[in-house]
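In: Make a model of this:
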Amino acid sequence: MSEILRTIGVKRSFPVAGGLFWALKGIDITVPEASLTILKGRSGSGKTTLLNIIGALDAPTEGQVFFDGKDIAGAGESEREKLRRTKIGYIFQSVALIPVMSAYENVEYALRLAGYKGDYRERVMECLRLVGLSKRATHMPEELSGGEQQRVAIARSIAHNPKIIYADEPTGALDSATSLQVIAIFKELIEKEGITIVMTTHDPKLMEYGDVVYEIGDGEIISAKQTQEGGDVRE
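Out: Numbers count the residues shown, from 1 in each chain. From the prediction side, this is the model:
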């Protein structure tokens, strides 16, 4: 399995009274292409800081981040913005759908931001079908359940055909059954679209579904597990 992402010695510091706080202390990870990689850790462990760096939202204080064969650690903001618009998708716990837009319009908006060249309607409906919401395309976010809103967010994140999706606690606000539905969608997207997904979580019940699981504690990798294939999602 080829890799799409690798970090070498990634460190991140933040100024605090009396010196520096090192949120990351030298992170080395490898993310296989077309896989589900899970970053596990408690709140404050550094997993979201790492996700922001590998997701081109922030730059490391030290170290290298190779994405698709290129070191993006020292990339300027314009280059990082281009990556975010064209090759990267994001999913957040807060969902962050635009409340005055329907499910269809939220997904279509992502295509417009990315400058998508294909047929907008065909791609939007394809993405909504992939997450099981083609019949809810005209519904507003307030008319959707929390799980349905998260599925719209997933459809929005894949609309522009990114190579990789970063999901920060995507199941954090969902119940166990709905969380498993989200993971099942992730696995289907990996299989059908060839997308790579990196997600953070503190939920131990989701660990078995990762192809690669890194546990982070106090800004360091404290364990790493890789399997040939992540577990099947069973209701």
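In: which stretches of the protein form helices?
Out: With DSSP state H, the ranges of helices along the chain come out as 47-54, 77-86, 103-114, 120-130, 146-158, 176-193.
In: how near is the residue nearest to Val31 when sequence neighbours are not counted to Gln181?
Out: Using Cβ to Cβ, 6 or more residues apart in numbering and skipping the chain neighbours, the partner closest in space to Val31 is Leu5 (3.9 Å). Where C-beta positions appear, they are placed from N, C-alpha and C, glycine not excepted. Distance, Leu5 to Gln181, using Cβ to Cβ, to the nearest Å: 26 Å.
In: Can you name the residues that contact Tyr90?
Out: Tyr90 makes contact with 55, 84, 157, 165-168 under the criterion Cβ atoms under 8 Å, 6 or more residues apart in numbering.
In: Looking at those residues, which are in strands?
Out: 165-168 (DSSP state E).
In: Among those, which one is most surrounded by other residues?
Out: Using other Cβ atoms under 10 Å as the neighbour test, these are led by Ala167, with 27 neighbours.
In: That one touches Ile91, doesn't it?
Out: Yes - counting by Cβ atoms under 8 Å, Ile91 is a contact partner of Ala167 at 4.0 Å.
In: List the beta-bridge partners for the nearest residue to Glu220 once chain neighbours are set aside.
Out: Residue nearest to Glu220 in three dimensions, not counting chain neighbours: Lys25, with 5.1 Å by Cβ to Cβ, 6+ apart. Beta-bridge partners of Lys25, counted by DSSP bridges, are Lys11.
In: quick one, what contacts Lys25?
Out: Residues in contact with Lys25 (Cβ under 8 Å, 6+ apart) are 11, 218-220.
In: quick one on the thing from earlier: OK, contacts around the residue nearest to Val31?
Out: Taking Cβ under 8 Å, 6+ apart as the test, what Leu5 contacts is 29-31, 54, 65-68, 164, 196, 198.
In: Derive a PyMOL selection command for the buried subset of those.
Out: Here is the PyMOL command that selects the buried residues among the contacts of Leu5 (16 or more other Cβ atoms under 10 Å):
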select buried, resi 29+30+31+54+65+66+67+164+196+198
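In: At the geometric centre of this protein, which residue do we find?
Out: Nearest to the geometric centre of the chain sits Tyr166, at 1.5 Å (Cα atoms, centre = their mean).
In: per-residue confidence at the residue nearest to that one when sequence neighbours are not counted?
Out: Once flanking residues are discounted, Tyr166 sits nearest to Gly55: 4.2 Å by Cβ to Cβ, 6+ apart. Listed pLDDT for Gly55 reads 96.
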